[in-house]
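> Below are the sequence and a predicted model for it; my questions follow.
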Amino acid sequence: MSPASLKSLSLALAAAVVPTLASAELTANVSLTSNYKFRGQDQDVNRIKGVNPAIQGGFDYTFGESGFYVGNWNSSVDWLDGNSVEVDFYGGYKFKAGDVDLDVGALTYVYPGNTNGNTTELYGAATFGPLTAKYSHTVSKDYFGWAGAKTSSLKGRNTGYLNLAFAQEVAPSVTLKAAVGFTRFASDIKDLGVPNYVDYSVGGAYDFGDGLSLSAMVAGANKKGFFGDANKARLILTLTKTL
């Protein structure tokens, strides 16, 4: 390729990349919640009670209008020996198919003080109006250490989670939210006597403006006989600031 052709190619690539970089966006968020539940379960099982505050926050970076994004989210937790924080890393691609918004990606949950809980999932979501359906599938060896905690020969891979969510603004600055999820454990986990279960949440959020919002949700899950009070329904208040 001649020097002139290389120069033309470089200019063309620059013309394609510069607008994407110019429209790229970095946002941050921080939250204080009265209780952190994940898929219906309390994430502080050593002090199970209605009010168990957690500090949370993270960053999101979108690559302009390309549809690609990466992010990080963190929360205080207490359900693994030697660990007190959950660190999530994710990345994916958002695009449209007619009136449907689609989102595919991967998410890794990291527990620095006890890597037995580390879990990686692939996910896909579709949003149509106020409705969103999302499926997450475990591709790591285990699912939050459920199987490996009993014996290293067992695996939680192929555990699946389906979530159906509704979010609709019903008044100025007020959004009604509801969701139901279903966890289908891998056979190695079910063979330990752990049942599949359903989680739920219902509530709303108020947007004060300038990135400040307050949400109130009742969240919990069934199968209380096995999981104990960690699945008990809680009223959860969360104050969030987005920058």
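Received, thanks. Numbers count the residues shown, from 1 in each chain.
> Which helix or strand lies directly C-terminal to the worst-scoring helix or strand of the chain on mean pLDDT?
With mean pLDDT, DSSP states H and E as the measure, the helix or strand of the chain carrying the lowest mean pLDDT is helix 3-22 (a mean of 48). If you walk from helix 3-22 toward the C-terminus, the next helix or strand you reach (DSSP states H and E) is strand 25-33.
> How far away from the center of its chain is the very next helix or strand once past that next one?
The first helix or strand that comes after strand 25-33 along the chain, using DSSP H and E, is strand 37-38. Relative to its chain's centre, strand 37-38 lies at 10 Å (C-alpha atoms, centre = their mean, to the nearest Å).
> Strand 37-38 pairs with which strands?
Strand partners for strand 37-38, identified by DSSP bridges, are recorded as strand 41-42 (antiparallel).
> what sits up against the strand it pairs with?
35-36, 48, 52, 199, 221, 227, 229-232, 234 (C-beta atoms under 8 Å, 6 or more residues apart in numbering). Bear in mind the C-beta positions are built from the backbone N, C-alpha and C, glycine included.
> Kindly indicate which of those residues lies nearest residue 193.
Within the set of the contacts of strand 41-42, residue 227 lies nearest residue 193; the separation is 11.7 Å, counting by C-beta to C-beta.
> which sections of this structure are below the confidence cut-off?
Residue ranges of the chain with pLDDT under 70: 1-22, 225-227.
> if we go to 80?
Judged against pLDDT under 80, the low-scoring parts of the chain cover residues 1-23, 46-50, 150-152, 224-228.
> now the strands for it?
For the chain, the strands identified by DSSP state E occupy 25-33, 37-38, 41-42, 54-62, 68-76, 85-97, 100-110, 119-128, 131-138, 160-171, 174-184, 197-209, 212-221, 234-242, in order along the chain.
> Columns distance to residue 144 and mean neighbour count on top of these, output as CSV?
Formatted as CSV, the entries for the strands of the chain read as follows, by distance: least, C-beta to C-beta, whole Å; neighbours: other C-beta atoms under 10 Å:
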stretch, distance to residue 144, mean neighbour count
strand 25-33, 20, 15
strand 37-38, 9, 20
strand 41-42, 10, 25
strand 54-62, 17, 17
strand 68-76, 14, 17
strand 85-97, 10, 15
strand 100-110, 7, 16
strand 119-128, 5, 17
strand 131-138, 9, 17
strand 160-171, 11, 14
strand 174-184, 11, 17
strand 197-209, 14, 16
strand 212-221, 15, 18
strand 234-242, 20, 17
